[in-house]
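# This is a predicted model, with the sequence first.
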Amino acid sequence: MRPQRGPPRAAPPQTVKQLLKELRQQKSREGARSPVGFGSALPAPLGWCSLAPRPRSDTQPLCGPTWVTPRQPGGRPWGKGLRCEGVSGELVGGENWGVNWEIKGGQCVPWGEFGAPLLGREIQDPYPEPQDLAAARAALGGRDPRELLRQDEEGDTLLHVLCAGGHWALARAAAEALRDLGGLEVREHLGKTPLLVAAAAAAPEIVRDLLVLGANPDAADHEGRTALHLAAAYGRPEILQAMISSGVPVNVEARNFEGQTPLHCAVLAHNASLQGGYSPAGGSGGGSPTPQDRFRCVELLLQMGADSSSQDTKSSLTALHLAVRGGNLALAHLLLRQPGMAPRLVNMKAHGNTPLHMAAALPGTPSQEPLVRLLLASGADPSARNLEHDLPQSLLPPGAPGDPLRLLLRSRRGSHRPPHTAE
């Protein structure tokens, strides 16, 4: 048991886990069609198979989209339309509680996730299957709201537990029952609201629903991390897409207690994934994020309006400083390609060091020369000096390894007219 914060809670007559168990038993007795993890498994139509809870596809689009809607016997649509891409012929999970579809010659990606348009288009159906949602509402409808608000020894309410497990219909029904009682903002022992739990658990449908129902999009946990920070650090582009599709304004410049914006977190996570070092996987669904997922998070944050010139409050580092320090040529290209950003970004200083200083100080990595050339082509000033009065060329490795870049930087110094630099 974790130590409690604040005054001790009165021991509830029924723990959250017991309530969850009772809901399962109730749905099993009713014989209702229930979500995966609640009662019996879903029937699989037409020989299609049922999978584990909340399957996901992390595949990238390979070709133009085709929209399909699987049908049940009799022709009634079975769930949501799917976006079919690629040529792998894999079985890819849909959104309907464990049902998957076999699309010959292509991969099926649920609308609103993994390759759906990022901006400007609504999710077609922001609800679970009607029968699932009706059953979930019936299961919770007779409950005393105070019972739903009870917290266990770790501060979890039933809604926290449902969000952590990715149980979409029940989470939606619980959120509807609790939204007027402050239940969407209850915090567990780490300071996470249900929205933050859903973001960390890689449950994009629940994230979107909670936002639409009024959850605070900028709520932060005990480390100052918002849902954007968690999605960025854990490499979950589907969470960012869900937040976009909700239409709820969110503060993309929020700071965690390290003084970092979500964009800083996303760049650090992508750096770590390329270097093979530790980077938090996060979440219980969706499998392990790939470097492509983490790169996608950076792209999405920029499209959401993140300011790449924002400096963290501890070291004054911008996203470009972090990318260059990590030898991340792909992210440096992405950041400098933004319209009008290169002149403003390329000579900003972090404790006196420009990105060019940081590129010169790299320990002879394969990306060092391409980074130096990219920065110079983007307007980096080779005559800028840091707080120790060092030129970038002074930070190159001594001897033969650094000689070609040293000559390049010296040749550029005489012809460069430095633009205004931001300290």
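That came in fine, so what should we check first?

# in this structure, which spans are strands?
66-68, 82-85, 91-93, 100-102, 107-110 (DSSP state E).

# Under the pLDDT cut-off, which ranges of this structure? List them.
1-127, 277-286, 413-423 (pLDDT under 70).

# Give me the domain ranges for it.
Listed by automatic domain parsing, the domain ranges of the chain are 49-61+80-116, 130-303, 319-413.

# export those domains to JSON lines and tack on distance to Gln311 and mean neighbour count?
C-beta here means a position set from N, CA and C on the backbone, and glycine is covered the same way. JSON lines is the format used below for the domains of the chain (distance: least, CB to CB, whole Å; neighbours: other CB atoms under 10 Å):
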{"stretch": "domain 49-61+80-116", "distance to Gln311": "32", "mean neighbour count": "19"}
{"stretch": "domain 130-303", "distance to Gln311": "9", "mean neighbour count": "21"}
{"stretch": "domain 319-413", "distance to Gln311": "7", "mean neighbour count": "19"}
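
# so which of those comes closest to Ser309?
With distances scored as CB to CB, the stretch of the domains of the chain nearest to Ser309 is domain 319-413 (5.5 Å).

# My guess is Leu178 contacts Leu149. True?
Yes. Here Leu178 reaches Leu149: they are 6.8 Å apart, a contact under CB atoms under 8 Å.

# Report the contact partners of the closest residue to His270 other than its chain neighbours.
Leaving aside its sequence neighbours, His270 sits nearest to Arg294 (CB to CB, 6 or more residues apart in numbering; 4.1 Å). Counting by CB atoms under 8 Å, 6 or more residues apart in numbering, Arg294 makes contact with Gly235, Ala266, Ala269, His270, Ser273, Ser279.

# returning to that earlier point: tabulate the domains of the chain (JSON lines), appending distance to Ser310.
Putting the domains of the chain into JSON lines (distance: least, CB to CB, whole Å) gives the following:
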{"stretch": "domain 49-61+80-116", "distance to Ser310": "28"}
{"stretch": "domain 130-303", "distance to Ser310": "5"}
{"stretch": "domain 319-413", "distance to Ser310": "8"}
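
# Indicate which one of those is closest to Thr313.
domain 130-303 (3.1 Å).

# hmm, back to that, return the closest of the contacts of Arg294 with respect to Leu396.
For the contacts of Arg294, the nearest to Leu396 is His270 (25.5 Å; CB to CB).

# Might one say that the closest one is in contact with Leu329?
No. His270 is beyond contact range of Leu329, at 11.6 Å (criterion: CB under 8 Å).

# how close does the nearest residue to Glu299 once chain neighbours are set aside get to Glu205?
Residue nearest to Glu299 in three dimensions, not counting chain neighbours: Leu334, with 7.0 Å by CB to CB, 6+ apart. For Leu334, the distance to Glu205 equals 28 Å [CB to CB, to the nearest Å].

# swap in Glu253?
26 Å.

# related to what we said a few turns ago, can you tell me how far the residue nearest to Glu299 sits from His229?
Taking CB to CB, one finds Leu334 at 20 Å from His229.
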